[in-house]
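Peer 1: For reference, the sequence and a predicted model appear below.
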Amino acid sequence: MISKEELKKLEKLAKLKFQENEIEQFNSQLNDILEYMKELDELDLSSTDPMLNPLSSVNFFRDDKVEKAFSQDEILKNAPSAFDRHFVVPKVI
């Protein structure tokens, strides 16, 4: 079980801010999750093969073939702003 003090320590480490009622709620939910993990831990999986992926699919690769591509001018005509064959975007920093 996770105590309220441990949850408050996690809150500080994760740089989060919880209200007191949220701490109660999260503490209850987290302990429910941990209890469920204990139940799963008790299962006998000795006859189950380990798996890396729950899906049985394998990589499906498509053929590498040349297809019609748009020209740079066709692409830039949809841009709100372009200069010297490049997109113009607002400064971020």
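Peer 2: Now that the structure is in, tell me what you want to look at. Since we're looking at a predicted model, the values are computed, not measured.
Peer 1: Over to the residue nearest the centre of the chain. Which of the three states is it?
Peer 2: In the chain, the residue lying closest to the centroid (Cα atoms, centre = their mean) is residue 53, at 16.3 Å. Following DSSP: H, G, I helix; E, B strand; the rest coil, we place residue 53 in the coil state.
Peer 1: what's the spacing between the residue of the chain most remote from its centre and residue 72?
Peer 2: Here the chain reaches farthest from its C-alpha mean at residue 84, the gap being 37.4 Å by Cα atoms, centre = their mean. The gap separating residue 84 from residue 72 is 11 Å, by Cβ to Cβ, to the nearest Å. Quick note: C-beta positions are derived from backbone N, CA and C, even for glycine.
Peer 1: what about the strands in this protein?
Peer 2: In the chain, the strands defined using DSSP state E lie at 82-83, 86-87.
Peer 1: now the longest helix along the chain: how far from the chain's centre is it?
Peer 2: Longest helix in the chain, counting residues (DSSP state H): helix 20-41. Its chain's average C-alpha position is 21 Å from that of helix 20-41, according to Cα atoms, centre = their mean, to the nearest Å.
Peer 1: Check stretch 78-93 too.
Peer 2: So, by Cα atoms, centre = their mean, the centroid of stretch 78-93 is 30 Å from its chain's centroid.
Peer 1: and what of stretch 29-45?
Peer 2: The answer for stretch 29-45 is 22 Å, by Cα atoms, centre = their mean.
Peer 1: For it, buried residues please.
Peer 2: Residues of stretch 29-45 classed as buried: none (neighbour count, 16 or more other Cβ atoms under 10 Å).
Peer 1: Kindly export it (C-alpha atoms) in CSV.
Peer 2: C-alpha atoms of stretch 29-45 as CSV (Å, rounded to 0.1, in the frame of the first residue of the first chain):
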residue,chain,number,x,y,z
GLN,A,29,-6.9,4.6,-7.1
LEU,A,30,-3.2,3.9,-6.9
ASN,A,31,-3.7,1.3,-4.2
ASP,A,32,-6.5,-0.3,-6.2
ILE,A,33,-4.1,-0.6,-9.1
LEU,A,34,-1.4,-2.1,-6.9
GLU,A,35,-3.8,-4.6,-5.4
TYR,A,36,-4.8,-5.7,-9.0
MET,A,37,-1.1,-6.1,-9.8
LYS,A,38,-0.7,-8.4,-6.8
GLU,A,39,-3.6,-10.5,-8.1
LEU,A,40,-1.9,-10.7,-11.5
ASP,A,41,1.3,-11.6,-9.8
GLU,A,42,-0.3,-14.6,-8.2
LEU,A,43,-1.3,-16.2,-11.5
ASP,A,44,0.5,-19.3,-12.6
LEU,A,45,2.1,-18.4,-15.9
